[in-house]
Every structure is written in structure tokens, then in C-alpha cells.
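Student: prediction below, plus the sequence it came from.
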Amino acid sequence: MIKAVQVHGAPKGFLMGIFRILRCQPFAKGGIDYVPTYFSLHKNMKDQEEPEYH
């Protein structure tokens, strides 16, 4: 959540963080979920490595 707030600002980053926490449950597909460079509430399936943030 900290990285999401740093990249997208407090309101969007907090919302992204809450959705990321809600995905942490036994029926969710596992794997690393990097903070995307664009705002999205869906799991980041595109990035295989941590993106470079500006």
C-alpha cells in the first residue's frame, strides 16, 4: 500500500491498497502483484518485474 500511495497519491493509492488486501484470500490466484504504473483496481498480470516508477 505504501508503494501505491507513493506512485498514485493518497486517495488512489489507499483505494488500490484496500483492493490488494481484499485479494489476499485462499481462493485468489497467487503470485506477485506489483503496483502498476497506471491506476487499476485489478491485479497487475502484465508486469513480471517491478516497473520503473517516475
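Tutor: Happy to help now that I have it.

Student: check the protein for its longest helix and report it.
Tutor: Using DSSP state H, we find that the single longest helix of the chain is helix 10-22.

Student: which residues touch that helix?
Tutor: Residues outside helix 10-22 that contact it (CB atoms under 8 Å, 6 or more residues apart in numbering) are Met1, Ala4, Val5, Gln6, Val7, His8, Asp33, Val35, Phe39, Ser40, Leu41. Quick note: C-beta positions are derived from backbone N, CA and C, even for glycine.

Student: quick check: buried residues in that helix?
Tutor: Buried positions in helix 10-22, judged by neighbour count with 16 or more other CB atoms under 10 Å: Gly13, Leu15, Met16, Gly17, Arg20.

Student: need these in CSV (columns: pLDDT).
Tutor: Shown next, in CSV, are the buried residues of helix 10-22 (pLDDT from 0 to 100):
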residue, pLDDT
Gly13, 92
Leu15, 94
Met16, 92
Gly17, 90
Arg20, 86
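
Student: do a quick rundown of the strands in the chain.
Tutor: Applying DSSP state E to the chain gives no strands.

Student: centroid-nearest residue for it?
Tutor: Nearest residue to the geometric centre of the chain (CA atoms, centre = their mean): Val35, 3.7 Å.

Student: was I right about that one contacting Lys3?
Tutor: Yes - using CB atoms under 8 Å, Val35 is in contact with Lys3, at 4.7 Å.

Student: quick revisit: quick one: contacts for the residue nearest to the centre of the chain?
Tutor: Lys3, Ala4, Val7, His8, Met16, Asn44, Pro51, Tyr53.

Student: select only the buried ones of the residues you listed in ChimeraX?
Tutor: Of the contacts of Val35, the buried ones can be selected in ChimeraX as follows, counting by 16+ other CB under 10 Å:
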select :4,7,8,16,44
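
Student: from the contacts of Val35, pick the one nearest Phe27.
Tutor: The nearest member of the contacts of Val35 to Phe27, counting by CB to CB, is Asn44 at 18.7 Å.
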